[in-house]
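Engineer: what's the 3D shape of this:
(one chain, ligands or ions: 1)
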Amino acid sequence: MNLDIYKNLHRANRELINLNPIQRGGILPTEAKKAIYEFWDGYSVCDFCSGKLDEIQNPPICKFKEDLAEFINMDFVRFTHGAREGKFIVMHSICEENDYIVLDKNAHYTSYVAAERAKLNVVEVGYEEEYPTYKINLEGYKEVLDNLEDENKNVGLVLLTHVDGNFGNLNDAKKVGKIAKKKGVPFLLNCAYTVGRMPVDGKEVKADFIVASGHKSMAASGPIGILGFSEEFEDKIAKRSEKFPIKEIEFLGCTSRGLPLITLMASFPYVVERVKRWDEELKKTRYLVEELEKLGFKQLGIKPKEHDLVKFETPILDEISKKDKRKGYFFYEELKKRGIVGIKPGVTKEVKMSVYGLEWEQVKYVVESIKEIILQSHHTL
Ligand SMILES: Cc1ncc(COP(=O)(O)O)c(C=O)c1O
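Structural biologist: The predicted model follows:
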């Protein structure tokens, strides 16, 4: 065993501009970094616990769960280890084995895996259009639910991915919320890519459940997520253990009990403020798209962008890669030279990126850098 490899652990890209959409919403503000120094030990939030994690008053976890519920406009909130755990908890607690759940074709793999673990059947709602927008046919939820009803299938849950991780398409959640309500089926909105980046109002969209991700979109180091739910489902979600009546079964008593929760909490004031600036973030995203399309990139997904995650088709990069001796790695390497990371190495046909939370000067620097790389490479071909 060589224990030296664990010494002086170092993150190579820490100070660079990171364009990976999965990481942009999880970058910590200074106040959260400072809190880490206070709470870095294991079980650090448990000094004054009297048996229930979400009722600890010091640090103010109890107040925090109430503020979070207000923030997303849901009746209650609990902490989970991530969005996926929240989805599993909902499925496991409100559905019966072999029930059906209906979800969108752009749903994250964790929605499917959670359903599999909860022993449920999955039916997809497809696209209104495939290439290039991959827009989900939201009205299709009605048809799918009608068909399942005709077949006497028991539908336990409707799930919608608010913004998907592939195309960054924002779905009109209220449309699906209304359909689910009419059918009397509980509605779960997966807000892993939205809560903490942009405003989300659970009651407005008629959600019974909201799951969110601290490390993806709420400036937390994670792993941590939140599960918001309505009063109607409190009995099932927050059901207590018979043997240990203070403990909630679905949360196995306690979930996140240390730094993940501390960073989520310490970042909260910053997150509350940043979602108010969502329009500015959209302007940056649309600027990025407009400029890169001039270079031959083609934005996939719904236009104009309503979310910061952008997927581009990039035939120009593919063309360059065929002639560059570094092959597909030229783009990654050229960006890295300029202090920019987060684009998958070696990939040239399609790239995903986000400039969420970057300063305007940084966004312009990213655009200029990409322009320079392409023009330079074209020149030397
Ligand atoms: C749409 C979507 N939902 C859920 C997840 C998973 O989130 P978590 O890591 O909090 O479980 C992801 C992760 O990429 C995602 O893109």
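Engineer: grab the nearest non-local neighbour of residue 316.
Structural biologist: residue 296 (3.8 Å; CB to CB, 6 or more residues apart in numbering). Quick note: C-beta positions are derived from backbone N, CA and C, even for glycine.
Engineer: do stretch 120-139 and the ligand meet at all?
Structural biologist: No: judged by CB under 6 Å from any ligand atom, stretch 120-139 makes no contact with the ligand; its nearest approach is 12.7 Å.
Engineer: can you list contacts of that stretch?
Structural biologist: Stretch 120-139 is contacted by residues 91, 95, 97-107, 112, 115, 140-141, 144, 148, 153, 156-157, 160, 166-167, 169, 171-172, 175-176, 179, 298, 300-303, 313 when judged by CB atoms under 8 Å, 6 or more residues apart in numbering.
Engineer: show me what from the stretch 151-300 of the chain comes close to the ligand.
Structural biologist: So the stretch 151-300 of the chain meets the ligand at 161, 164-165, 190, 192-193, 213, 216, 225 (CB under 6 Å from any ligand atom).
Engineer: using TSV, lay out the residues you listed together with secondary structure and neighbour count.
Structural biologist: What follows is these, written out as TSV (DSSP: H, G, I helix; E, B strand; the rest coil; neighbours: other CB atoms under 10 Å):
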residue	secondary structure	neighbour count
161	strand	26
164	coil	25
165	coil	20
190	strand	32
192	coil	31
193	coil	28
213	strand	31
216	helix	27
225	strand	32
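Engineer: now the two most distant members of these.
Structural biologist: Spatial extent of these (CB to CB) is set by the pair 164 and 225 at 17.0 Å.
Engineer: any idea how far the host helix or strand of residue 234 is from the chain center?
Structural biologist: Using DSSP states H and E, residue 234 sits in helix 234-237. Chain-centre distance of helix 234-237: 24 Å, with CA atoms, centre = their mean, to the nearest Å.
Engineer: quick one: list the elements packing against it.
Structural biologist: Applying 3 or more CB pairs under 8 Å, 6 or more residues apart in numbering; DSSP states H and E, one finds that helix 234-237 makes contact with strand 76-80, helix 83-94.
Engineer: export these to JSON lines and tack on mean neighbour count and mean pLDDT?
Structural biologist: As requested, the helices and strands packed on helix 234-237 are exported to JSON lines (neighbours: other CB atoms under 10 Å; pLDDT from 0 to 100):
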{"stretch": "strand 76-80", "mean neighbour count": "23", "mean pLDDT": "98"}
{"stretch": "helix 83-94", "mean neighbour count": "25", "mean pLDDT": "98"}
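Engineer: in the helix or strand where residue 375 lies, what's buried?
Structural biologist: Element membership of residue 375, judged by DSSP H and E, is helix 360-380. Neighbour counts over helix 360-380 (16 or more other CB atoms under 10 Å) mark 363-367, 369-370, 373-374, 377 as buried.
Engineer: same question for stretch 202-219.
Structural biologist: 202, 205-219.
Engineer: now swap in stretch 281-295 and tell me
Structural biologist: 281-282, 284-286, 288-289, 291-292, 295.
Engineer: now, the residues you listed that are in strands?
Structural biologist: The strands, defined by DSSP state E, take in nothing from the buried residues of stretch 281-295.
Engineer: and those residues, which two are the farthest apart?
Structural biologist: Most distant of the buried residues of stretch 281-295, by CB to CB, are 281 and 295, 22.0 Å apart.
Engineer: hmm, back to that, using CSV, list the CA coordinates for the helix holding residue 234.
Structural biologist: Backbone C-alpha positions of helix 234-237 (Å, rounded to 0.1, in the frame of the first residue of the first chain) are rendered in CSV as follows:
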residue,chain,number,x,y,z
GLU,A,234,-46.5,14.5,5.3
ASP,A,235,-47.7,11.3,6.8
LYS,A,236,-46.0,9.2,4.2
ILE,A,237,-42.8,11.1,3.7
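Engineer: quick one: residue 97 and residue 119 touch, right?
Structural biologist: Yes: counting by CB atoms under 8 Å, residue 119 is a contact partner of residue 97 at 4.5 Å.
Engineer: any stretches of this structure with poor pLDDT?
Structural biologist: Within the chain, the segments meeting pLDDT under 70 span 379-381.
Engineer: helices of that one, start to end?
Structural biologist: Secondary structure of the chain (DSSP state H): helices located at 21-24, 30-38, 61-72, 83-94, 109-117, 140-150, 173-183, 214-217, 234-237, 259-274, 278-294, 315-323, 329-337, 360-380.
Engineer: so which of these gets nearest residue 8?
Structural biologist: helix 30-38 (18.3 Å).
Engineer: run through who's touching that closest one.
Structural biologist: Residues from elsewhere that reach helix 30-38, judged by CB under 8 Å, 6+ apart: 44, 219-221, 259, 262-263, 265-267, 269-270.
Engineer: try it again at 6 Å.
Structural biologist: 262-263, 266-267 (CB atoms under 6 Å, 6 or more residues apart in numbering).
Engineer: got it, and stretch 311-324?
Structural biologist: 167, 296-301, 327-328, 330-331, 348-352, 377, 381.
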